[in-house]
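S.K.: 3D model of this:
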Amino acid sequence: VAKPALAVVTRREWVQSLCALFFHCGMPRAQDVLHCCSSTTAEQLDLFWRRAKNDYECSDGVASSVSVLLGADQLDYSVAVQAEQQRQRLGPGMWCQHVLVVVSDSSQSYLATAYADARIELSSPTDVEALTAWLTSLKCMQAFPSPGERQGRPE
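M.R.: Numbering: from 1, shown residues only. Reported below is the predicted structural model:
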C-alpha cells in the first residue's frame, strides 16, 4: 500500500462518512481507528502505522481492511511530521491495511498536505460511489467481506 488516501470531511459529517465506508468494509476493530487530538503522541501514531502494516490477521498478502486516522488536522505539527517520517521508515512492502486519513480542515494539517495527491473527492458524507471507486482502485474491494460475513454468518 502506497501513500494513505485523504478525505476532507466536516466534523458534523464524520459519522455518516465512516458509516458509509464501514458499511462496505465491515465494522473496524478498536485498533483500526485512531481519533486524533492535540495530545495524540508520536508513539500512538507509530503504533497505528505498525498495526496497519503488520496486521496479524493478514496472512494471504491481501489487504484485509481499512484503518482510519480520524481528525489528523488536530495533531501538533511536530507530531504530524514525526508520524509521516515513521510511516516512511516502515517502508513500502506489503501493508495489511489500507489507510484513510480524515481531516476537517486541510489547510491546518501537515498530513493533509503530504497526502493531497491521494485525496478522495466526496460530494457528500455518504458518497458511496467515491469510496467504492477508491477501494476498487486499490484492487481490494473483493477482499472486503460483507458485514454479515465478517461476523461469521452469511447474509
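
S.K.: going forward, measure contacts between C-alpha atoms and count neighbours the same way
M.R.: OK.

S.K.: lowest average confidence, helix or strand, in this protein?
M.R.: Counting by mean pLDDT, DSSP states H and E, the weakest-scoring helix or strand in the chain turns out to be helix 147-150, with a mean of 42.

S.K.: count of neighbours near residue 35?
M.R.: Neighbourhood size, residue 35 [other CA atoms under 10 Å]: 12.

S.K.: How about residue 78?
M.R.: By the measure other CA under 10 Å, the count of residues near residue 78 is 11.

S.K.: That one should be in a helix, yeah?
M.R.: Yes. Using DSSP: H, G, I helix; E, B strand; the rest coil, the secondary structure at residue 78 is a helix.

S.K.: Report the contact partners of it.
M.R.: Residues in contact with residue 78 (CA atoms under 8 Å, 6 or more residues apart in numbering): none are found.

S.K.: Quick check, pLDDT for it.
M.R.: Reading off the confidence values, residue 78 has pLDDT 95.

S.K.: So it versus residue 43, what's the distance?
M.R.: Using CA to CA, to the nearest Å, one obtains 12 Å as the distance from residue 78 to residue 43.

S.K.: what mean pLDDT does the helix or strand hosting residue 98 have?
M.R.: Secondary structure here is read from DSSP states H and E; on that basis residue 98 sits in strand 97-103. Confidence over strand 97-103, taken as the mean pLDDT, stands at 79.

S.K.: counting contacts, what elements does the helix or strand that it is followed by pack onto?
M.R.: Past strand 97-103, heading to the C-terminal end, the next element that is a helix or strand (DSSP H and E) is helix 110-114. For helix 110-114, the packing partners by 3 or more CA pairs under 8 Å, 6 or more residues apart in numbering; DSSP states H and E come out as helix 77-89.

S.K.: tell me which residues in the helix it packs on are buried?
M.R.: The neighbour-count criterion (16 or more other CA atoms under 10 Å) identifies 79-84, 86-87 as the buried residues of helix 77-89.
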